[in-house]
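Student: model this:
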Amino acid sequence: AVVSTQSTGISRDQFTTNLQVVDLVFGEALHELDKKLQFAEAEQHTLASTDVGDVLEKLKTKAIIKIRQYILEKIMEWKKPMSNYQVLQETLIKFKYYYEFLLTHAPSTATEIRGEYVDTVSKVYFSYFKAYQSRLIKLEFEEVPTKADVMGAEDESRRSLQLFSTNKSIRSRSTVFTLGNRDDLINSQLEYPVIIPAHCADKRFPYEALFRSVQFCLLDNVCGEYGFLSHFFRVRGERAQVLFADVMERSLVLIMKSLESYMDNCFDCVCIMLCAHITMHYHELMKKRGFGALVGFHNQLLQILWPRFNYVLSLSIHSVRETDPAKLSELDTRPHFITRRFGEFYSAILTLNDKFPNDQTVRSMTLLQAEVENVVLRMAAEFPARNDQLVFLINNYDLMLSVMQARTTEASKEVLTIQDLLNKRINEYVDEILSPYFGGMISFVKDTEKKLEGGGPGPVNESYISQLVRGFAQDYKRSIDSINGVVMKCFTNFKNGTVILQSALTKMIQYYNRFQKILGQPPFKTLACRGDLVNIHHVMVEVKKYKNQF
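Tutor: As a prediction, the model looks like this:
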C-alpha cells in the first residue's frame, strides 16, 4: 500500500517552496514534524514506523533545505554595507528552534551553518574594526610627545633639536607631565557613546580617548555577540568560549597589534597609564556583567601597556639623573622646570594609581623622586652664596609640595619627605636671614645661656652689651623692614613667603625676649644700658605691621 502524508498528520504542502520559513504555519509544522521524527525513531522497529518512515524523511529533507537556505541568506546579509548586525541577530534568535532542529536531525548542516556564520561574521568584525581604527586615529592630536620629551630636557634644546628632526614637536613640554581633566575618561566617561569619526571631523582627541572608544565599541559588540552565540548555537561554558574566540579572534588580534604598533612610538606616560586603567575598568565592568570571554585579551593589552609605561618612565628617570646643572642655559633661585614637571607628574600618577595600585609604579616613582631631590641639590650647589642656595631649595621644595598636595587628600610618604626637607631648609634660612641684622645679639644669647648653665657668665663686657642694646633700639624697625623686603623678593609663592617671614620675625622676638631675660639676671641687671632696652611689646607691634604683607 502507498502511504500518504496524511498518515503523518502533516501536509506536504506545508514544506513546499511557496511557504516562507518565517510563516507561523511553517514553524508549527516543523514542531509537529520533530515530534513525529522522534516518535518514529523511538518506534523504528514497529510496522507503523516503517510505513511512514520514507514520508517523514522526505518532509525532513524539505524542511532542512528551506531552513538551511533561510539561515544562510540571513548570514549573507551581514556582508551588505550598513547592515544592522543587532537586528539580524534578533531575527535569527526568533527562529533559533530551526537551528535546534538541524542539530538534532542534520548535524552536518548545523556544522556548515555555524562555520559559515563564523567565517562571515569574523570577517565583518575584522573589516569593521580595521576601518574604524584607521578613521579614528586620524582624529588624534597632531602634537604628541616624542623621545625628546623627558623630564630633564630643556625646551631650548628641544627647539634646536627640531631643526634637524622630522618628528612632530609639542609646543609646551610641561603638558606632557600633567593630568588636567584627562582622567575624566575613567571617572565619568567610561560608558560614554563611542566617537563617530564622521561626526567629529573637525575635532581632535588624545590617544587614550580613541583607545577608550575602540575598547567600549568592542565591549558593546562582544557582549551582544557572546549572548547571541550562546542562545542561537546552544553552547555554554568552554564551548561558548571556543566559538566566541573563533568569531572574534581576528578582530582581537587586530586591536592588540594596533595598540602594540602605537605603543612602539608612544612616549606619553600619562596616556599609557590611562589606557591601562581604562582596560582594567572595562575588565571590572565585564566581571560585573558575568562576562569573562575577554579576560585573556585584557591581560594581553596590559602586557603591552605596563612594560611600555615602565620603559618611558625610566627615560625620564635617566634624564634627571644625567642632568648637569653647569650646562643648564638658565639657573636662578626661582623654581626649576624639573621640579614643576615632577610635581605635576607625581600628582598625575598618584591619582591614577589610587584605584588599581601597582607596586612597580610606586617603586619607580620613589626612584624618580630620589633623582629629582638629588638634582635639586646639585643645582643649588651652583650658587656661591648659602642664602641663594637656601632660597632655591625652598622655592623648589615648596613648588613640588604645592603641586603634589593639590590632587591628594592624604599625606603620602613622598609628600611627608618633601615637607620635612622644606621645613629644614626654612629653619636654616631663617637663621641665615636674621644673622646680618641680629647676628650679634643671637650669638650673645646662645653663648651666655651656655655659660649660665655651666655656672656663671664670666667677665662682663659692658661696652659690647651696650652696643647690642643701642644697636637693636636704633635699627630693629629698619631691620624688620629689610627682612620683609628680601623675603618678598626671593620667594615666588606669597603664602610660603608669609610663613617664612613670620617664622623669621617670631624667632627674632624669641631671641630678643631671651636677651632681655639674660640682662635681668646678675651680673647684668646692674648695667646702665638696660634702660635703653626697647619694650618687647613695642617690637611685637612693629612685627604685626608685616603680618599681611603676602
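Student: Could you measure from the closest residue in space to Pro325 that isn't next to it in sequence over to Leu519?
Tutor: Excluding the flanking residues, the one nearest Pro325 by CB to CB, 6 or more residues apart in numbering is Met379, at 4.3 Å. Using the backbone N, CA and C atoms, a C-beta is placed for each residue, glycine as well. Separation of Met379 from Leu519 (CB to CB, to the nearest Å) stands at 44 Å.
Student: Over to Asn484?
Tutor: For Asn484, the distance to Leu519 (CB to CB) stands at 27 Å.
Student: go on, Asp184?
Tutor: Between Asp184 and Leu519 the distance is 65 Å, computed by CB to CB.
Student: the more surrounded of these two?
Tutor: When Asp184 and Leu519 are compared for neighbours, Leu519 comes out ahead with 18 against 12, by other CB atoms under 10 Å.
Student: low-confidence ranges in this structure?
Tutor: Scanning the chain with the threshold set as pLDDT under 70 gives 1-19, 39, 41-53, 156-174, 407-410, 548-550.
Student: And the longest helix seen in the chain, what does it pack against?
Tutor: Ranked by residue count and defined by DSSP state H, the top helix of the chain is helix 413-454. On a contact count with 3 or more CB pairs under 8 Å, 6 or more residues apart in numbering; DSSP states H and E, helix 413-454 meets helix 359-380, helix 386-406, helix 462-490, helix 494-519.
Student: could you redo these as TSV and give each row distance to Ile113?
Tutor: Shown next, in TSV, are the helices and strands packed on helix 413-454 (distance: least, CB to CB, whole Å):
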stretch	distance to Ile113
helix 359-380	48
helix 386-406	60
helix 462-490	81
helix 494-519	73
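Student: Please name the residues that touch Leu421.
Tutor: When contacts are counted by CB atoms under 8 Å, 6 or more residues apart in numbering, Leu421 touches 373, 393, 397.
Student: Same list as before, these that is, but in CSV and with neighbour count and distance to Gln474 included.
Tutor: Shown next, in CSV, are these (neighbours: other CB atoms under 10 Å; distance: CB to CB, whole Å):
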residue, neighbour count, distance to Gln474
Glu373, 20, 43
Leu393, 24, 34
Tyr397, 25, 36
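Student: Would you reformat those residues as a markdown table and include distance to Lys35?
Tutor: Output for these, formatted as a markdown table (distance: CB to CB, whole Å):
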| residue | distance to Lys35 |
| --- | --- |
| Glu373 | 82 |
| Leu393 | 90 |
| Tyr397 | 85 |
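Student: Leu352 sits in which helix or strand?
Tutor: Under the criterion of DSSP states H and E, Leu352 resides in helix 337-353.
Student: and the angle from that helix to helix 359-380?
Tutor: With axes from the mean of the first three to the mean of the last three CA atoms, to 10 degrees defining the directions, helix 337-353 sits at 160 degrees from helix 359-380.
Student: Which neighbouring elements make contact with helix 337-353?
Tutor: Helix 337-353 packs on helix 269-288, helix 295-321, helix 359-380, helix 386-406, going by 3+ CB pairs under 8 Å, 6+ apart.
Student: my guess is Gln133 meets Ser258, correct?
Tutor: Yes: taking CB atoms under 8 Å as the definition, Gln133 is a contact partner of Ser258 at 5.4 Å.
Student: Excluding sequence neighbours, find me the nearest residue to Pro335.
Tutor: Nearest one to Pro335, counting by CB to CB, 6+ apart, is Leu399 at 4.0 Å.
Student: Same question for Thr417.
Tutor: Gln369 (7.4 Å).
Student: next one: Ser466
Tutor: Leaving aside its chain neighbours, Ser466 sits nearest to Cys529 (3.9 Å; criterion: CB to CB, 6+ apart).
Student: got a list of what the one you found touches?
Tutor: Counted by CB under 8 Å, 6+ apart, Cys529 has contacts 462, 465-466, 469-470.
Student: switch the cut-off to 10 Å
Tutor: 462-463, 465-470, 473, 519 (CB atoms under 10 Å, 6 or more residues apart in numbering).
Student: What is the burial count for Asn374?
Tutor: By other CB under 10 Å, 13 other residues sit near Asn374.
Student: wait, doesn't it sit right on Ile317?
Tutor: No: Asn374 is beyond contact range of Ile317, at 11.2 Å (criterion: CB atoms under 10 Å).
Student: ok, back up a step: which neighbours do Gln133 and Ser258 have in common?
Tutor: Shared contacts of Gln133 and Ser258, counting by CB under 10 Å, 6+ apart, come down to 211, 214.
Student: Quick check: nearest residue in space to the residue nearest in space to the middle of the chain, chain neighbours excluded?
Tutor: By CA atoms, centre = their mean, the chain has its centre lying nearest to Leu274, at 3.3 Å. Spatial nearest neighbour of Leu274, chain neighbours left out: Glu208 (4.1 Å); criterion: CB to CB, 6+ apart.
Student: got it, and Thr279?
Tutor: Once flanking residues are discounted, Thr279 sits nearest to Leu301: 4.9 Å by CB to CB, 6+ apart.
Student: Touching, that neighbour and Tyr262? I think so.
Tutor: No: assessed by CB under 10 Å, Leu301 is found out of contact with Tyr262, at 11.8 Å.
Student: shared neighbours of those two, anything?
Tutor: In contact with both Leu301 and Tyr262: 211, 275, using CB under 10 Å, 6+ apart.
Student: who has more neighbours, those two?
Tutor: Neighbour count, other CB under 10 Å: between Leu301 and Tyr262, Leu301 has more, with 25 against 20.
Student: Tell me who's in contact with the residue nearest to Ala106 when sequence neighbours are not counted.
Tutor: Among residues not flanking Ala106 along the chain, Ile64 sits closest, at 4.7 Å (CB to CB, 6+ apart). In this structure, Ile64 makes contact with 15, 98, 101-102, 105-106, 108-110, judged by CB under 10 Å, 6+ apart.
Student: Assumed Ile64 was part of a strand.
Tutor: No: assigned with DSSP: H, G, I helix; E, B strand; the rest coil, Ile64 falls outside any strand and is helix.
Student: Roughly how far does His105 sit from Lys74?
Tutor: Distance, His105 to Lys74, using CB to CB: 20 Å.
Student: which of the two has more neighbours?
Tutor: Taking other CB under 10 Å, His105 and Lys74 do not tie; His105 has more neighbours (20 against 17).
Student: Over to that one: give its phi and psi.
Tutor: Main-chain torsions, His105, degrees, to the nearest 10: phi -110, psi -10.
Student: Double-check it against Leu33; I have them as touching.
Tutor: Yes: the criterion here is CB under 10 Å, and His105 meets it with Leu33 at 8.9 Å.
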